[in-house]
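Q: show me how the following folds:
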Amino acid sequence: MPTSPKVFYPNGTWTSWISRLRRLSSSPNFRVFCLIFGLAGFLFGFVAISEPGLISAPKGLVADPISVSVSWNRGVGKDYGHAGVDNSAVAGGGLRERHKVMGFVGVQTGFASVGRRRSLRKTWFPSDRQGLLRLEESTGLAFRFVIGKTGDQKKMAELKREVQEYDDFLLLDIEEEYSKLPYKTLAFFKAAYALFDSDFYVKADDDIYLRPDRLSLLLAKDRVNPQTYLGCMKKGPVFTDPKLKWYEPLSYLLGSEYFLHAYGPIYALSADVVASLVSLRNDSFRLFSNEDVTIGAWMLAMNVNHENNKALCSPFTVLHHLLLFGIFPSAQGFAILKRSCWSCTKRTFVRQVQLQFLFDGKICSNSREL
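A: So this is what the prediction gives:
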């Protein structure tokens, strides 16, 4: 017997839902909601593009602010004690763990060195946060400008703006004065040790040209002695004339010549050595007038290996005192000098800069007359 054909009717439930959605989409409230949602998505995307550090950071690197302040627990009658991180400078205000790197390089700078920092950011020192993180990832070295404080509110305000713009500072709670450089150096090592779990801690001046890649290779070498004092070692006469810049008031304790110590513009201490310095009371060791001599004296008192490496005072790693004649090359001039001077001595390099400036004014920018 033939059966009647089966007829399928649409589900009434689906029909009602479709009708409801149509009514909802045509309502003014729904359109306003979609507009707000779309604007929120646009703003989030704009922030993500303009501030990439807020969203992500290179693998293995912290996304917290790079610049931090370091305060000091002051003892009775002493200016500076143990380091403590000012966590208000860290995102979220939480405790900051020591960041693991192979080497931490603190470029010592001052309030009168705005031009020097600008010149370094145009050459080997990255001028933005992401550049610093990429350099750290490629070399294993973290870099910061190290500066103290001053009672001049205008200078402090200018520094605050620079910190906000570049985020590449380590701020010390110590008066920034030339006469207090030994104190600043000790404060730097204590602060660096508190913030970074590093194999080496490098002190550098802000008037050098540094090759981070070559410095990284130098620090990565295998060493038998874990207590290493690495630098370009030298001796020199003790200055007894109070009118001279490097006058040493304690010259009567030293004789006519300084003991062997690392060349001041750049040297490195291994983690074990810095750990010993951190544990010292500030009145335990004598401080001389010059910070490199002071560190050298402390190294004599400790069982460290003096590693005399001339690479730290050769053009292959660092070209020191580019500012000796108030000169920094322009971008084009810098490229020319860098290509032609990697194998020349420091003196030859400086002389070449002089000649280039004298005979081709375009090669140097913002240079004063010789």
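Q: quick one, strands of the stretch 201-350 of the chain?
A: 208-210, 228-234, 261-270, 305-308, 318-320 (DSSP state E, counting those that start in this stretch).
Q: quick one: mean pLDDT over the fourth one.
A: Here the mean pLDDT over strand 305-308 is 96, rounded to a whole number.
Q: so what strands line up beside that strand?
A: strand 228-234 (parallel) (DSSP bridges).
Q: please apply the same query to the first one.
A: According to DSSP bridges, strand 208-210 has the following sheet partners: strand 318-320 (antiparallel).
Q: what is the mean pLDDT for the partner strand?
A: 48.
Q: and the helices in the stretch 151-300 of the chain?
A: Using DSSP state H, counting those that start in this stretch, the helices found in the stretch 151-300 of the chain span residues 153-166, 181-195, 212-219, 271-279, 291-301.
Q: quick one: closest of the ones you listed to Val105.
A: helix 212-219 (7.4 Å; Cβ to Cβ). Where you see a C-beta, it was placed from the backbone N, CA and C, and this is true even at glycine.
Q: and that closest one, what does it pack onto?
A: strand 99-108, helix 129-139, strand 141-149, strand 196-205 (3 or more Cβ pairs under 8 Å, 6 or more residues apart in numbering; DSSP states H and E).
Q: need the strands of the stretch 201-350 of the chain in TSV with distance to Glu165 and mean neighbour count, can you?
A: Output for these, formatted as TSV (distance: least, Cβ to Cβ, whole Å; neighbours: other Cβ atoms under 10 Å):
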stretch	distance to Glu165	mean neighbour count
strand 208-210	22	23
strand 228-234	33	22
strand 261-270	26	24
strand 305-308	37	16
strand 318-320	26	24
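Q: low-confidence regions, the stretch 51-200 of the chain specifically.
A: 51-96 (pLDDT under 70).
Q: let me know which of the helices of the stretch 151-300 of the chain is tucked in deepest.
A: Highest mean neighbour count among the helices of the stretch 151-300 of the chain (mean count of other Cβ atoms under 10 Å): helix 181-195, with a mean of 22.
Q: what about Val105, neighbour count?
A: 26 (other Cβ atoms under 10 Å).
Q: ok, back up a step: distance to Ile295 for the helices and strands packed on helix 212-219 - can I get that in JSON lines?
A: Below are these laid out as JSON lines (distance: least, Cβ to Cβ, whole Å):
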{"stretch": "strand 99-108", "distance to Ile295": "12"}
{"stretch": "helix 129-139", "distance to Ile295": "24"}
{"stretch": "strand 141-149", "distance to Ile295": "15"}
{"stretch": "strand 196-205", "distance to Ile295": "8"}
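Q: out of those, which gets nearest to Leu171?
A: Minimum separation from Leu171 across the helices and strands packed on helix 212-219 (Cβ to Cβ) falls at strand 141-149, 6.3 Å.
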